[in-house]
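In: when you get a sec, could you give me coordinates for this:
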Amino acid sequence: MVTPPGDVSADQPTTGTGPEDAAAGASFGDLAPCPHPLRHPLRAVAWLVSLGAGLVSLLLILSILAALPVANFLALGYMLEGEGRVVRSGRLRDGVPLLGGVPRLGAVVFGTWVWLLVVRFVTSIAADAALIDPHGPVAVRWRVARIATTLLVGLHLLLAWRAGGSLVSFVRPIRNFRLAIAASRAGSLWSGAAAVLAGVLAAIRPVRLFLLGLGGFVGGFLWLLLPTALFASLRDTQHPAAVFVTLAGGLALSVVLAWVPVLQARFAATGRPAAFIEVAAVRELFRRAPVVLTGATVLLHALSLPLHLFKVIAAPRDAVLFMTPIFILSIFPARLALGWAIARAMRRPERRWLVVRLACGGVLTALLGVYLFLLFFTPAIDALGRRALLDHHAILLPTPF
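Out: I've put the predicted structure just below:
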């Protein structure tokens, strides 16, 4: 097979880690193979339920991360990790890292959130009582109740996390307390919990995911900054120079929007910042698989365009969490499809016919032109105004702010 310039190969450094890290995360993040549905039907059903719980939990976790400033780089890093894995393997099923451990993480997040609602409920009542009669007996009682509830819920959450973080552990405080007492007598109360936490963190590698998301964001943003600024510079249509600058920015942006998603995916697959300047390798990939790459690129931008409709008004911070799942569901599958298309292009031994390449180039240029035409009017409906042109949710952060 002829390797495209700057291609991703098995001997290149990747964002993955060595065997020791893989072993550390195997028990937590790996999803067991599906049992044979005819030989073990009940086990197969349980496996499907576990898989569905994992996907729902993953959506919940990514949505929470995407709704938090700075933490949204973790959400972007996770999507880039999945995309990079698909680029390296060519299999879509590799695009959901840690799927085997995500149900447990989802249970931890959900159980913690429910119990924190209890604390918030008691706190709100105590605040209302203090507002009505700050020094009255009712306010004093609710103040004591707030402190007691916070301490008890905090202790219960610590014991539930130590007990494994399953949904059952969040509703069985007595069992959790007994397990903690038994571990304390055995001298493994803190050492056992620390070992479990270290194993989970070794599997998730949050620092690496954050750096991957930050690197993908910076690389994409630097490519998009100048053409987007030129594209958004039009203020007065009566000045021909301003119209020319906007058209030039749109032309440059159409090229960048075709290249940057592939550059970003190759960065995710190799972990090399230099991948962001290997334009020749991207062009070679388009020559080898123009149809699938054109389709995946168009799909990525097409699914990101309707997301501007959810930003017609500036949503309160509490409402952002209800919007981020839509961003994740729109962008993540499209990124995986693009990673699969890149892997397919990497494995093609030769270029496609020139007429096919020219036809796909014309289709991609025309569709990106339509995308930019619609994008040009998004500041009129976006609460953020012209800043909306810099969001580029398909490439940058999957967040509505």
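In: now the strands for the stretch 301-401 of the chain?
Out: Along the stretch 301-401 of the chain, counting by DSSP state E, counting those that start in this stretch, no stretch forms strands.
In: check which helix or strand Val114 maps to.
Out: Here Val114 is covered by helix 102-132, with elements defined by DSSP states H and E.
In: quick one, helices of the chain?
Out: Using DSSP state H, the helices of the chain run over residues 19-29, 41-66, 72-89, 102-132, 137-162, 173-186, 189-204, 206-231, 240-270, 279-288, 290-304, 317-320, 324-346, 354-376.
In: could you list the domains of this structure?
Out: Using automatic domain parsing, the domain parsing of the chain gives 19-100+205-390, 102-203.
In: point out the most buried one among the ones you listed.
Out: Greatest average neighbour count among those goes to domain 19-100+205-390 (a mean of 18), per mean count of other Cβ atoms under 10 Å. Where C-beta positions appear, they are placed from N, C-alpha and C, glycine not excepted.
In: and stretch 202-220, what's its mean pLDDT?
Out: Averaged over stretch 202-220, pLDDT sits at 92.
In: grab the nearest non-local neighbour of Leu212.
Out: Once flanking residues are discounted, Leu212 sits nearest to Gly77: 4.1 Å by Cβ to Cβ, 6 or more residues apart in numbering.
In: ok so, going back, okay if I get the helices of the chain as a markdown table plus distance to Pro400?
Out: Below are the helices of the chain laid out as a markdown table (distance: least, Cβ to Cβ, whole Å):
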| stretch | distance to Pro400 |
| --- | --- |
| helix 19-29 | 29 |
| helix 41-66 | 9 |
| helix 72-89 | 10 |
| helix 102-132 | 20 |
| helix 137-162 | 30 |
| helix 173-186 | 37 |
| helix 189-204 | 25 |
| helix 206-231 | 16 |
| helix 240-270 | 20 |
| helix 279-288 | 29 |
| helix 290-304 | 12 |
| helix 317-320 | 6 |
| helix 324-346 | 7 |
| helix 354-376 | 16 |
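In: which of the ones you listed has the lowest average pLDDT?
Out: Mean pLDDT values for the helices of the chain show the minimum at helix 19-29, a mean of 42.
In: and Asp94, how close does it get to Asn176?
Out: From Asp94 across to Asn176, the span is 36 Å (Cβ to Cβ, to the nearest Å).
In: my read: Gly220 touches Val262, true?
Out: No - if you go by Cβ atoms under 8 Å, Gly220 and Val262 don't touch, sitting 11.1 Å apart.
In: and Ala232, its phi and psi?
Out: Note on Ala232: its backbone torsions stand at phi -100, psi 10 [degrees, to the nearest 10].
In: got the domains of the chain as TSV, with distance to Leu397 columns?
Out: Shown next, in TSV, are these (distance: least, Cβ to Cβ, whole Å):
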stretch	distance to Leu397
domain 19-100+205-390	5
domain 102-203	20
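In: residues in contact with the residue nearest the centre of the chain?
Out: Nearest to the mean C-alpha position of the chain, counting by Cα atoms, centre = their mean, stands Ala75 at 3.1 Å. Residues near Ala75 by Cβ atoms under 8 Å, 6 or more residues apart in numbering: 62, 65-66, 213, 328, 397-399.
In: how near is Arg120 to Val109?
Out: For Arg120 relative to Val109 (Cβ to Cβ), the value is 16 Å.
In: then Leu209?
Out: With distances taken as Cβ to Cβ, Leu209 is found 16 Å from Val109.
In: over to Val45?
Out: As judged by Cβ to Cβ, Val45 and Val109 stand 25 Å apart.
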